[in-house]
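Enquirer: Output the structure for:
(chains A and B)
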Amino acid sequence: MPSPRYTREIPARYRLEAARCSGCSKVVFPIRRFCPSCRGEEFEKLTLSRKGKVVTSTVVHVPPDDFLMEAPYAMAVVETPEGARLMTQVVDCDPSAVLPGMDVALEFRLIRREGHSGILCYGHKGVPA
Amino acid sequence: MRDVAIVGAGMTRFGELWDQGLRDMFVEAASGALSDAGADRLDSLYVGCMSGGQFVGQEHLGPLMADHLGMTGVAAVHVESACASGGVALRQAFLEVGSGMSDLVLAAGVEKMNDGADVTNVLATAADQELEVYYGVTFPGLYAMIARAHMQHHGTTEEDLAWVAVKNHHHGAMNDKAQFRREVTPEQVMASSLVSEPLRLLHCSPVTDGAAAVLLCPLEMAKEFTDRPVKIVASGLASGSMALADRDDPAFLDAVQKSGQRAFEMADIGPPDVDVAEVHDCFTIAEICCIEALGFVEEGKGGPAARDGLTAIGGRIPVNTSGGLKSKGHPVGATGIAQTIEIFRQLQGEAGQRQVENARVGLAQNMGGSGASSVVHIFEGV
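Expert: Residues are numbered from 1 along each chain as shown, chains lettered A, B, ... in the order given. Here you go, the predicted model:
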C-alpha cells in the first residue's frame, strides 16, 4: 500500500479529530464533506475524548494475516461521550471480559505491521478504564 | 416497463471445484441456462463477480466470458456490489429487458475462491478499509458484533443461531448442487470451533467455487423458450452505512429493509403474500436480521424462527429451501443468481424433494458487506 495513505488519514486516526454538524448537531467521525444525517456542509471541529463505552464486541479467533500473533483479541464498537462511534481493539485485559457497557480509555498504540515491508501502522486502542 | 420473465437457468455444483477455473465455471452455468431455454443467441450479458481481480488476478470479465461462451460481440459487462454482485447483475438484466433495449439478456454470477488467495483479506475489502479492516476486524467479526448486539437487545441465544444452521443444512442435504449435503445437529454447531465470538465455524457460510446463470426475455416472448416461465415482478436495491459503527442500531439491517420495501411497493404485495424466500445467510445471524428487516417476522423476533419451524419447508414462510449460503455454499458473486434459480425452480414446481406446496410468489434477497448493500427481487409463477 502507498504510504501517502497514512499521512492523509492522520487527523482522525492519530488525533481523533471529529466534527459537529452545525445543522443537526450530529458528531461525525472522521470528518466528511457531507453530514450523513442531514447532508449539511457546515461543521465545527472538535477532538474526541479519549474514552468511551462498548456498544457491541467480539473476540476474533481467526484473524487476518497481519494480526496472526495477536489472536484471540477483542474488537469493539466504542461510543465516546460526544456520541461518535469507532471500531477499535480492546487490549490489556481478558478479551472475553470486553462486553457491551464496558468503560474503556482510548490510547495511542501500534496497530499493525502491514504486509511484507512491515509498515508500522498506528492508531487508537481501547484499554479498561 | 415491459413485463420480464426468466426462461432458463443453469449452475455448476457448488464446492471446491479443483478442475474448473473462473471461465470454465461461467461457461458451464451460462451454456446450461441457454440450453435450458433452447436459446442460441444473446443480446447482452452481465457477470456478477465480487473480485476476480483479487481471487485469481482476472478483471475485465464481461468480454472474457462472452468470448468463452462463443458469443464475442455481444454487449458484456462485469457488475460488482461485493456479495450482492449476482443480485445486482440480475437487476441490471431486468432493467435492460424491461426498458425495451434488449430482448435476450443473460444474468450470471461467478466466483473462484479456492485458487490460493487469502480469502479473509479479499472478503474484507467489502468492509470499510480505513475505519474497520485497518484495526483487525474480519467479516465474521463484523457479523459477530451484529449477533452480540442482537442478543443484547432482543435476548437471542446461541441456540437460536445454531438452529438456523441446522435448518439450512436440513434443506441443503436435499440439494445435489450443495457444497455440504449433510445434516448437522444443534450440539455439533455449538461445539464447533470459535471463529469470532459468539460465531462458531458452523455459523459461517463456507469458501466456495461456483457459477450460476439465468436467461431473461420479455414475458410476451417467454413461451418460445419454456412452458413455465417465471415473471420478475419487482426489483429493489438500497445502500446503507458502510461502517458498522455508523449505524444507530448495529443489530438492524437498514438497507435490507429499504430494498424490501421498494420491491414490495413495486410488486404491490406485502410480506405475508410470499410463499418461499431465499435470504442472505452468510452467517446464521444474517438470516435472523434479514427475515426481520424484510418483515417476515417482527423486529427482534427472528431469533426463534428457525427453532420453531417457522422458516423450514412446511413452515409459515420457508426460508432458504436451497440450503442457503450456509449449506449450499457461498461463491460470493454467484450467490444472488443461485438464490434466483432456487426460486425459479420452486415457482415452476420443479424443486423436487424441497418443493414448497403451491408456491406462487417467491422472493430473493442478496446483500453485500455487513449489509451496506441489499437487493431484493420478487417473482411470480405464470
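Enquirer: need the residues of chain A near chain B, please.
Expert: Chain A comes close to chain B at residues A:9, A:13, A:30, A:36, A:55-67, A:70, A:72-73, A:75-77, A:85-89, A:96, A:100, A:111-112, A:121, A:123, as judged by Cβ under 8 Å from any Cβ of the partner chain. In this view, the C-beta of every residue, glycine as well, is placed from N, C-alpha and C.
Enquirer: As a check, name the ranges of all helices in chain A.
Expert: A:4-8, A:10-13 (DSSP state H).
Enquirer: If you average pLDDT over each of those, which is lowest?
Expert: Among the helices of chain A, helix A:4-8 carries the lowest mean pLDDT, at a mean of 70.
Enquirer: Bridge partners for B:Pro218, pull those for me.
Expert: Applying DSSP bridges to B:Pro218 gives these bridge partners: B:Val4.
Enquirer: of all the residues in the stretch 251-382 of chain B, which ones are close to chain A?
Expert: B:Ala251.
Enquirer: where does the stretch 251-382 of chain B dip in pLDDT?
Expert: Scanning the stretch 251-382 of chain B for pLDDT under 70 picks out nothing.
Enquirer: Walking through it, point out its helices one by one.
Expert: B:254-267, B:284-293, B:324-328, B:332-348 (DSSP state H, counting those that start in this stretch).
Enquirer: Tabulate the CA atom coordinates of stretch B:369-382 in CSV.
Expert: Below are the C-alpha coordinates for stretch B:369-382, written out as CSV (Å, rounded to 0.1, in the frame of the first residue of the first chain):
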residue,chain,number,x,y,z
GLY,B,369,-20.6,-6.4,3.0
SER,B,370,-22.0,-6.2,6.6
GLY,B,371,-25.3,-5.1,5.0
ALA,B,372,-24.2,-1.9,3.2
SER,B,373,-26.0,-3.0,0.0
SER,B,374,-29.0,-5.2,-0.4
VAL,B,375,-31.1,-6.2,-3.4
VAL,B,376,-34.5,-7.9,-3.4
HIS,B,377,-36.4,-9.5,-6.3
ILE,B,378,-39.9,-10.8,-6.2
PHE,B,379,-41.1,-13.4,-8.6
GLU,B,380,-44.4,-14.9,-9.7
GLY,B,381,-45.2,-18.2,-11.4
VAL,B,382,-47.0,-17.7,-14.7
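Enquirer: Tally up the residues packed near residue 14, please.
Expert: If you meant another chain, say so; for now it's chain A. When neighbours are defined as other Cβ atoms under 10 Å in any protein chain shown, A:Tyr14 has 13 of them.
Enquirer: my bad, chain B
Expert: Residues lying near B:Phe14 (other Cβ under 10 Å) number 30.
Enquirer: same question, B:Phe55
Expert: Look at B:Phe55: counted by other Cβ under 10 Å, it has 25 neighbours.
Enquirer: again, but for the one 4 residues further on
Expert: When neighbours are counted by other Cβ under 10 Å, B:Glu59 registers 14.
Enquirer: That one - nearest residue in space that isn't next to it in sequence?
Expert: B:Gly53 (4.5 Å; Cβ to Cβ, 6 or more residues apart in numbering or on different chains).
Enquirer: Need the mean per-residue confidence for the host helix or strand of that neighbour.
Expert: In the assignment (DSSP states H and E), B:Gly53 maps to helix B:52-55. Taken as a whole, helix B:52-55 has an average pLDDT of 96.
Enquirer: Centre of the chain to it, how far?
Expert: 19 Å (Cα atoms, centre = their mean, to the nearest Å).
Enquirer: got the contact list for that helix?
Expert: Contacts to helix B:52-55, defined as Cβ atoms under 8 Å, 6 or more residues apart in numbering or on different chains, come from residues B:22, B:58-59, B:61, B:78, B:110-113, B:115, B:117, B:119, B:122, B:125, B:333.
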